[in-house]
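1. When you get a sec, could you give me coordinates for this:
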Amino acid sequence: MSVKDKKILLIGLNNMHTELIISQLAKNNMKEVCFKSASHLSLDNQNSKFHLTLVDYQALKPDSQTMIFLTNPRQKMPILLFNVTNEIPIDTLLTWPQVKGFLSPTASIEHLTKSIEVVLDQGLWFPRHTLELMLEHYRSYKDLNSYHTQQPAIPLLTRREKQILSLLTDGKSNMEIAEKLFVAETTVKSHVYNLYKKLDVKCRKEAIYKVTQLNSVGTV
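-> Numbering: from 1, shown residues only. A predicted model of the protein is given here:
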């Protein structure tokens, strides 16, 4: 299916500027353009018959139907914003899953038609600076997620277990720990046994190594 056969939904303000855009698109073989006023937008199943949605950024209002349309994760139709007067924050763009690009108010009709063709071909139409910021965000998220998944599990220790673990890693014997904490040696042995289970280790040497790992990432 060629671009001229694709159905486009235009959501915006009912004014001469919108009429001019529709007229210019028609001259560029994009005749299947349906206009819906942002102030009377109905989010019905009829919208699914379109291949692309053009949204006038100036028509966006908080809690409006258009804003709901933009943020709806179940909405799979690509969206192209036009008439964008200021840079859209990356955090905001990420909450609009289907927005594939935007154009400034000074964009020519040639730019608009080209952007429509690119987005319909599953491409993006963002300024280079915006693309760089988005890439940086995704990289940071990936690195952070990878960092957390690689870290050893943090065991939940009682206050007494932490005390014994600290003394144990200092090389203290069970008897020395018992004397330091004024408890029976059998009590210390019981705590050490529980520590081994929580740390998933089998001996004192493994416990010290595990604690060293946890300390290196600031989790103990």
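2. Might one say that F102 is in contact with N86?
-> No - in this structure F102 lies outside contact range of N86 using C-beta atoms under 8 Å: 10.6 Å. Placement of C-beta: from N, CA and C, glycine included.
3. More neighbours: these two, which one.
-> Set F102 next to N86 and count neighbours by other C-beta atoms under 10 Å: F102 wins out with 23 against 7.
4. quick one, what contacts that one?
-> Listed by C-beta atoms under 8 Å, 6 or more residues apart in numbering, the contact set of F102 reads 57, 80-82, 84, 88, 125-126.
5. how about low-confidence regions in the protein?
-> 1-4, 43-48, 137-155, 212-220 (pLDDT under 70).
6. Domain-wise, how is it divided?
-> Per automatic domain parsing, the structural domains of the chain span 3-127, 159-216.
7. who wins for proximity to L133 among the ones you listed?
-> With distances scored as C-beta to C-beta, the stretch of the domains of the chain nearest to L133 is domain 3-127 (4.9 Å).
8. Could you give the separation of the closest one from the chain centroid?
-> Centroid separation for domain 3-127 versus its chain: 22 Å, with C-alpha atoms, centre = their mean, to the nearest Å.
9. please begin residue numbering at 146 from this point
-> With 146 as the first residue, the last one maps to domain 148-272.
10. possible to save the domains of the chain as TSV with distance to L278?
-> Output for the domains of the chain, formatted as TSV (distance: least, C-beta to C-beta, whole Å):
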stretch	distance to L278
domain 148-272	5
domain 304-361	32
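11. for L154, helix, strand, or coil?
-> For L154, the assignment made with DSSP: H, G, I helix; E, B strand; the rest coil gives strand.
12. quick one: contacts for the nearest residue to it once chain neighbours are set aside?
-> Among residues not flanking L154 along the chain, F195 sits closest, at 4.2 Å (C-beta to C-beta, 6 or more residues apart in numbering). Counting by C-beta under 8 Å, 6+ apart, F195 touches 152-154, 179, 222.
13. how far away is F195 from S182?
-> Distance, F195 to S182, using C-beta to C-beta, to the nearest Å: 16 Å.
14. how about C179, secondary structure?
-> With three-state DSSP as the criterion, C179 reads strand.
15. Next: E255.
-> With three-state DSSP as the basis, E255 sits in helix.
16. and what of M175?
-> Secondary structure, three-state DSSP: M175 is coil.
17. What about it, how many residues nearby?
-> Residues near M175, counting by other C-beta under 10 Å: 22.
18. I figured it hits K259, correct?
-> No - using C-beta under 8 Å, M175 is not in contact with K259; the gap is 11.6 Å.
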